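J.: coordinates only, sequence not included:
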């Protein structure tokens, strides 16, 4: 176009007459080739003037319809993912090689600890049990009484000074050796099979009884004549009760056990001053040391002499066992171990007795037993001195109740706190 807006006239071309869109190409002409041929081209012809003086070329055939491609369905939109948190920048240093994680075998560790505890406890029990001195106290003999219901112990406190130094003999006021050992204390303990109370019976050492092979004599003479076996045989013959277990302790061992538990608290009604027993205590409740406790259970410097001594022995034994089985002793290793070791090294037991038998005895005595003495009929002089006689009627009934594991009738219980 010109600057003034008019179109620039085009030069006229000499050309063949124009054909319309609908006209077909002449046969034999170059334009007659099919459009499907790969070498064919679409032919155009000049068209007539459009009325505005413009002319041009127009296609000689109709355009083929455009074939639309078959569209595939659009894929379903993916679920949106949460943006991952930004990772902390790592150190430029090369990463350390990861160590393989060890699996925690808690069950195996528990079994190992449990095994160590069992072996440790077993070793202690074996050591303590092997420390006990065993004697043939419960041997068989012709005519021995058969087993009776319940469990029966014979506890013996002898006047043996074996193992004591001269200083200890002076401290305990035991004096020197006086010949064959005799028994200062003889106690029969009956543990019933059921839920009944344990019974602790004092057998006076001056009781006038028949000693097999030695005629009639004081009960403690049996120990001097034939030791533990003859004493057990004499007690079984006099009471009709079968003895299942035997335990014996001397002067030094008794004092050591008392000191091991830290002393024992006892209450006395009257003051006791006995130089021969080495004791001088006031009336009332007080803690006794080992040497004081030994004098307390040996002294006869009271109005009833031997009967008061037996009452003191039973009262002290009950207090000692209660202290030994208390939590203050069991939870204190500084008391428990000396108690166990001193008891084991101080006791003589029957050949078939063990440390667990002693533990069962202490457990049976923990709640306070019934304490009593054999029914006494009186005293008399004899060839062996002044002796104590058992009651002819009440004593047989008393021991018959024990032999049959029955509760002792209250009217047969005598003496004791």
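T.: Arrived safely, thanks for sending. No experiment lies behind these values; they were computed from the predicted model shown.
J.: Show me the helices in the stretch 301-417 of the chain, by range?
T.: Remark: helices assigned in the stretch 301-417 of the chain by DSSP state H, counting those that start in this stretch are 306-324, 327-330, 333-346, 355-364, 394-403.
J.: Equivalent analysis for the chain, please.
T.: Using DSSP state H, the helices found in the chain span residues 106-131, 166-172, 221-239, 251-260, 290-298, 306-324, 327-330, 333-346, 355-364, 394-403.
J.: Can you flag the weakest of those helices by average pLDDT?
T.: Ranked by mean pLDDT, the helices of the chain bottom out at helix 166-172, which scores a mean of 69.
J.: The nearest residue to residue 413 once chain neighbours are set aside pairs with what?
T.: Nearest non-adjacent residue to residue 413, counting by C-beta to C-beta, 6 or more residues apart in numbering: residue 372, 4.5 Å away. C-betas here are computed from N, CA, C, even on glycine. Taking DSSP bridges as the rule, residue 372 bridges to residue 201.
J.: Point out where the stretch 151-300 of the chain drops to low pLDDT.
T.: 161-165, 168-171, 173-181 (pLDDT under 70).
J.: Mind doing that once more with 90?
T.: Scanning the stretch 151-300 of the chain for pLDDT under 90 picks out the ranges 157-185, 194-197, 249-257, 259-262, 267-281, 290-292, 294-300.
J.: swap in the stretch 1-150 of the chain?
T.: 1-115, 117-132, 139.
J.: Apply 80 and report the result again.
T.: Scanning the stretch 1-150 of the chain with the threshold set as pLDDT under 80 gives 1-106.
J.: most neighbours per residue, which of the helices of the stretch 301-417 of the chain?
T.: By mean neighbour count, with neighbours taken as mean count of other C-beta atoms under 10 Å, helix 306-324 ranks first of these at a mean of 21.
J.: what helices or strands is it leaning on?
T.: In terms of contacts (3 or more C-beta pairs under 8 Å, 6 or more residues apart in numbering; DSSP states H and E), helix 306-324 is packed against strand 183-191, strand 199-202, helix 251-260, strand 264-268, helix 290-298, strand 370-373.
J.: Check the contact between residue 277 and residue 293; I expect there is one.
T.: No: Residue 277 is beyond contact range of residue 293, at 10.9 Å (criterion: C-beta atoms under 8 Å).
J.: So between those two, which is more surrounded?
T.: It is residue 293, of residue 277 and residue 293, that has more neighbours when counted by other C-beta atoms under 10 Å, with 24 against 21.
J.: roughly how far apart are the closest residue to residue 279 other than its chain neighbours and residue 258?
T.: Counting by C-beta to C-beta, 6+ apart, the nearest residue to residue 279 once its immediate chain neighbours are dropped is residue 295, at 3.0 Å. Separation of residue 295 from residue 258 (C-beta to C-beta, to the nearest Å): 11 Å.
J.: OK, contacts around the residue nearest to residue 256 when sequence neighbours are not counted?
T.: Closest residue to residue 256 apart from its sequence neighbours, by C-beta to C-beta, 6+ apart: residue 342 at 4.5 Å. Counting by C-beta atoms under 8 Å, 6 or more residues apart in numbering, residue 342 makes contact with 253, 256-257, 260.
J.: Run a quick neighbour tally on the residue lying closest to residue 366 once chain neighbours are set aside.
T.: Nearest residue to residue 366 in three dimensions, chain neighbours excluded: residue 325, at 4.4 Å (C-beta to C-beta, 6+ apart). If you count neighbours by other C-beta under 10 Å, residue 325 ends up with 17.
J.: Any idea which of the helices of the stretch 301-417 of the chain gets closest to residue 186?
T.: Across these, residue 186 has its closest neighbour in helix 306-324 (9.3 Å, C-beta to C-beta).
J.: Before I go, just wanted to say thanks for your time.
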